[in-house]
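Trainee: Dropping the sequence and predicted coords here.
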Amino acid sequence: MCLTDSGTVHLATEKTYDSERPYGGDGYRANCHDVPFTDVLYVRESDAAVAWFRRDATAPAVTLAGLASGGWSVGGSTLGTFTGHGVASTATPYQLTVCDAG
């Protein structure tokens with residue numbers, strides 16, 4: 001897990017570990033910018049419902065650093081579709097849009 005937060009996340013700058021905010025807790029950060037990924041996990045804090053999304057493409061995994069090279073404005077069609085699991089519908093293809101508010 002790269003980060004957990006109940007508020008806004010600034011992917012471009014929030015990547016430093018803080019021992020005051022341990023793994024799994026609100027505000028946890030780790031530097032995962034160069035770690036390839038094909039899945040995105042979402043946990044709704046209000047009821048702990050879990051959804052995860054797996055990339056459908058056979059293209060190589062992506063990294064946050066690679067997405068950052070696009071200026072943190074990556075439209076959904078760039079990464080292709082993702083299949084939902086958990087509480088997410090499996091009947092609907094999803095797209096991941098990445099942006100940074102900071």
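Mentor: Everything's here; your move.
Trainee: Bridging across strands, which residues link to the residue nearest in space to the middle of the chain?
Mentor: Nearest to the geometric centre of the chain sits Val40, at 4.8 Å (CA atoms, centre = their mean). Residues in a beta bridge with Val40, per DSSP bridges, are Phe53.
Trainee: didn't it look like it was pressed against Phe82?
Mentor: Yes: in terms of CB atoms under 8 Å, Val40 counts as a neighbour of Phe82; the distance is 7.1 Å. C-beta here means a position set from N, CA and C on the backbone, and glycine is covered the same way.
Trainee: Now list whatever residues contact both of the two.
Mentor: By CB atoms under 8 Å, 6 or more residues apart in numbering, Val40 and Phe82 have these common neighbours: Phe53, Leu96.
Trainee: Show me how this structure divides into domains.
Mentor: 1-32, 39-95 (automatic domain parsing).
Trainee: Turn the ones you listed into CSV, columns for mean pLDDT.
Mentor: Below are those laid out as CSV (pLDDT from 0 to 100):
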stretch, mean pLDDT
domain 1-32, 80
domain 39-95, 83
